[in-house]
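Visitor: how would this look folded up:
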Amino acid sequence: LVNTYRTTGAWGNYPQNVHVAREGEPVRILGAFFGNGLDDCGVWSPRLAKLDDTLRRWKLGRTTLEGKRHVAQMFVGGMTQFLTDVQRMPKTILSRMTKILRKYIWDDKFNTPVGMSHLCLPFEEGGL
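Guide: Residues are numbered from 1 along each chain as shown. Have a look, this model is predicted:
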């Protein structure tokens with residue numbers, strides 16, 4: 001069926017010149033990606049690149065720690081919330097996102113004054 005359509009461009013009543021997704025090729029439907037044999041990290045890569053670019057632009061300003069908290073909530077949370085809900089976030093993406101966020105909050109410093117585990121605590125317990 002698929003091979004016939006790809007070679008001839010026609011099959012029964014199926015419309016001509018419609019793109020038929022290959023195995024492992026993501027198809028975006030209402031913001032979620034579907035397909036057989038998808039690479040979960042590949043689906044998240046454009047989102048992470050956009051997030052990294054956004055945080056890089058925010059890094060150019062002189063933002064306080066409180067301001068960085070708001071930026072993290074607005075952009076990191078806002079850019080990933082829907083895709084996480086419909087697609088789920090793999091652990092590798094979570095660790096890459098944590099690294100991007102850590103670099104943003106501490107201005108690329110390796111030795112930070114406060115650990116990420118403490119920053120992720122609720123505000124009432126001393127976190128951001």
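Visitor: how far away is residue 92 from residue 67?
Guide: Distance of residue 92 to residue 67, computed by C-beta to C-beta, to the nearest Å: 29 Å. From N, CA and C alone the C-beta is placed, and that goes for glycine too.
Visitor: in the chain, which spans are strands?
Guide: Counting by DSSP state E, the chain has these strands, from start to end: 27-29, 32-34.
Visitor: quick one: closest of these to residue 18.
Guide: strand 27-29 (12.1 Å; C-beta to C-beta).
Visitor: average pLDDT across that closest one?
Guide: Strand 27-29 shows a mean pLDDT of 75.
Visitor: which other residues reach that strand?
Guide: 21, 33-35 (C-beta atoms under 8 Å, 6 or more residues apart in numbering).
Visitor: cool, stretch 37-47 as well?
Guide: Stretch 37-47 is contacted by residues 23-24, 26, 33, 79-80, 83, 87-90, 92-93 when judged by C-beta under 8 Å, 6+ apart.
Visitor: quick one: buried residues of stretch 84-93?
Guide: For stretch 84-93, burial by neighbour count (16 or more other C-beta atoms under 10 Å) applies to 84, 87, 93.
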